[in-house]
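K.L.:
Provide a 3D model corresponding to the input given below.
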Amino acid sequence: MHQSKLNFQSEANVNLKSKKMRLRRDTTLGRLYQDGDVIIRKGEHGDCVYVIQEGQVEVIDHKEDTEVKLAVLNNADFFGEMGLFEKDVRSCTVRAIGDVRVMTIDKKNFYQTIQKDPTVAYRLLERMSKRLRETNKRLV
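P.N.:
Model prediction:
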C-alpha cells in the first residue's frame, strides 16, 4: 500500500511538471522545432536573425558528399544574422537537436531594438567577431 501511494505521488509530480512545461511552451513567443527539423537551409534567401530561446541547434554545411558540423548553439545564441546585413542566400543549414524554441527578428524590429538599446548591436558584433576569429583559427 505504501509503495503504490509513493508511485502515485511520483507520477502526479511528473504529470504536474509536464503540464507546467507544456503550458510554459504554449505561452512563450517563438516557434517550436522538433529533433532534426531544418530551421534554415543553405541557399535559401534570408532576411532575419534567429534567437534560441530553449534547446540546441547544429550548424552544418556539406563538403562534397559529406556533412560537416560547424557548431552547436544553445540558449540565447543566435544564427542567421548575415541575413540582416546582406541580400544574399544562407551560407549554412541549421537543424534542431531535440526540441528547440526559436524566435525570429526581422530587419525592421532589429533596427528598432538597437535604436532603443545600442548595446544589442554591440553584443551582436562582439559575437560575430568571436565566430570569425574561431573560423580563422580553424583555417590555419
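K.L.:
Lys137 and Arg131: what is the separation?
P.N.:
Lys137 sits 11 Å away from Arg131, going by C-beta to C-beta, to the nearest Å. Every residue, glycine included, has its C-beta placed from N, CA and C.
K.L.:
And the two? Which one has more around it.
P.N.:
Using other C-beta atoms under 10 Å, the more surrounded residue of Lys137 and Arg131 is Arg131, with 15 against 8.
K.L.:
Can you report how many residues neighbour the nearest residue to the more buried one once chain neighbours are set aside?
P.N.:
Spatially, and ignoring its direct neighbours in sequence, Arg131 is nearest to Ala71 (8.0 Å; C-beta to C-beta, 6 or more residues apart in numbering). Neighbour count for Ala71, taken as other C-beta under 10 Å: 15.
K.L.:
Who are the contact partners of Ala71?
P.N.:
Glu58, Val59, Arg131 (C-beta atoms under 8 Å, 6 or more residues apart in numbering).
K.L.:
Can you name the helix or strand that it falls in?
P.N.:
Ala71 is part of strand 66-73, with elements assigned from DSSP states H and E.
K.L.:
Give me the subset of the contacts of Ala71 lying in strands.
P.N.:
Among the contacts of Ala71, the ones falling in strands (DSSP state E) are Glu58, Val59.
K.L.:
can the contacts of Ala71 go into JSON lines with extra columns for pLDDT and distance to Asp65?
P.N.:
JSON lines is the format used below for the contacts of Ala71 (pLDDT from 0 to 100; distance: C-beta to C-beta, whole Å):
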{"residue": "Glu58", "pLDDT": "97", "distance to Asp65": "18"}
{"residue": "Val59", "pLDDT": "96", "distance to Asp65": "19"}
{"residue": "Arg131", "pLDDT": "85", "distance to Asp65": "26"}
